[in-house]
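Enquirer: fold the following for me, if possible:
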Amino acid sequence: FHMNGSRSEEAVLHITKPQVKAPQLQVLEEMLTLQCDTEGAQIYYRLNDGSAQRYSEPVKVERETWISAWADCQDYRTSPVVTRLYSREGNLFQDIQPTDWFYSSVDLAAARGYMKGIGNDVFAPEEALTRGMLVTLLYRYSGETAEGCKLPFRDVESGRYYTEPIAWAYDRGVVHGYDAKTFKPEQRITRQEMCQVFANFLAYRQISVPSGAGEAKRYRDRDQIARWALPAVESMTACGMMQGNKDGTFAPLAYSTRAQAAALLIRLEKLEPPVEPTEPPTEPPVETTPTEPPVETEPTEPPTENP
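Expert: Numbering: from 1, shown residues only. This is a model prediction of the structure:
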């Protein structure tokens, strides 16, 4: 109170408890392990719509299972709830949901090893794709090596993740660069550029696709497609590799995303001719060394009987 008897403002001190760190999830060979970096914390989990369980040891989980986990500790606030879907292909990306149009493609592309997350169970499907990234994806898809391939571009540093893929792609005719000496690996790639790169890859692999002449007429923004890219856009449209937007546009100058790249890689699998199974070689019959025929002995005279 003040000296004149009036009430003074109250000072309120809020003491906030620290929060338990969110648990970390990992699934290896369908066994779920949970870990929390807050000392003394107890972890709890729930599978799908089941009841909460106290975690004490690795838990068997099936594919396409929703996993929720949180941690609690005395004198701490409960941690945030971490939720992941253990996908059909064994991934745990937190930013990929079954309702996303690219869900199956991303799930398969990651499982095949064509694409990887960017860390902390994040895939970043809407992140723009660079020229170096796209070439690296096709390099992984091809299963080939860059042995003996020379790198003519002076703006591609040695030792980068895309160095060998770009050398490989240039050697195979998949990319040609902006000019004889520059490739611009860090530059974001547009949809029409991606069409051209995939068309070049199909040509290298000798995969026949329709020319698609006139297919661009379906796109309202076809006049924005560069003349050099038009054949590739039409061919990729005709074979189903590329599709327009819901508004009827193709958006040739829009930047391609990681999700779009995943979709194209999985569509590319369907265009590859199946590998003909080969008959297992039959073992030739074992030739035995002929043996000498037995020596026939001269018949002996029967003994004469004495009369």
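Enquirer: where do the strands sit along the stretch 1-150 of the chain?
Expert: Counting by DSSP state E, counting those that start in this stretch, one finds strands in the stretch 1-150 of the chain at the ranges 24-28, 31-35, 42-47, 53-54, 59-60, 65-72, 82-86.
Enquirer: can you put those strands in a markdown table and add mean pLDDT, mean neighbour count and distance to residue 107?
Expert: For every residue, glycine as well, the C-beta is placed using N, CA and C. Supplementary listing: the strands of the stretch 1-150 of the chain in a markdown table, determined by pLDDT from 0 to 100; neighbours: other C-beta atoms under 10 Å; distance: least, C-beta to C-beta, whole Å:
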| stretch | mean pLDDT | mean neighbour count | distance to residue 107 |
| --- | --- | --- | --- |
| strand 24-28 | 96 | 16 | 14 |
| strand 31-35 | 98 | 16 | 18 |
| strand 42-47 | 98 | 19 | 19 |
| strand 53-54 | 98 | 11 | 26 |
| strand 59-60 | 97 | 12 | 21 |
| strand 65-72 | 98 | 20 | 14 |
| strand 82-86 | 97 | 18 | 10 |
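Enquirer: got a markdown table for these, with distance to residue 222 too?
Expert: A markdown table is the format used below for these (distance: least, C-beta to C-beta, whole Å):
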| stretch | distance to residue 222 |
| --- | --- |
| strand 24-28 | 46 |
| strand 31-35 | 50 |
| strand 42-47 | 50 |
| strand 53-54 | 57 |
| strand 59-60 | 54 |
| strand 65-72 | 43 |
| strand 82-86 | 39 |
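Enquirer: so which of these is nearest residue 202?
Expert: Taking C-beta to C-beta as the measure, the strands of the stretch 1-150 of the chain were each checked against residue 202, and strand 82-86 came out nearest at 33.2 Å.
Enquirer: chain center to the closest one: distance?
Expert: Going by C-alpha atoms, centre = their mean, to the nearest Å, the spacing between the C-alpha centre of strand 82-86 and its chain's C-alpha centre is 18 Å.
Enquirer: kindly report the same for stretch 70-87.
Expert: Relative to the mean C-alpha coordinate of its chain, stretch 70-87 is positioned 28 Å out (C-alpha atoms, centre = their mean).
Enquirer: which residues touch that stretch?
Expert: In this structure, residues lying in contact with stretch 70-87 by C-beta atoms under 8 Å, 6 or more residues apart in numbering are 16-25, 27, 32, 36, 38, 40-45, 61-69, 92-94, 96-98, 107, 121.
Enquirer: what about the chain, any weak spots by pLDDT?
Expert: For the chain, the stretches with pLDDT under 70 are 1-15, 273-307.
Enquirer: residue closest to the middle of it?
Expert: For the chain, the residue lying nearest the average C-alpha position, counting by C-alpha atoms, centre = their mean, turns out to be residue 110 (2.2 Å).
Enquirer: picking up where we left off before, of the strands of the stretch 1-150 of the chain, which is nearest residue 214?
Expert: Within these, the stretch nearest residue 214 is strand 82-86; the backing value is 42.1 Å (C-beta to C-beta).
Enquirer: got the CA coordinates for the closest one in PDB?
Expert: Backbone C-alpha positions of strand 82-86 (Å, rounded to 0.1, in the frame of the first residue of the first chain) are rendered in PDB as follows:
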ATOM      1  CA  VAL A  82       6.000 -36.300 -31.400                       C
ATOM      2  CA  THR A  83       3.900 -38.100 -34.100                       C
ATOM      3  CA  ARG A  84       5.200 -40.000 -37.000                       C
ATOM      4  CA  LEU A  85       3.800 -42.400 -39.500                       C
ATOM      5  CA  TYR A  86       5.900 -45.500 -40.100                       C
END
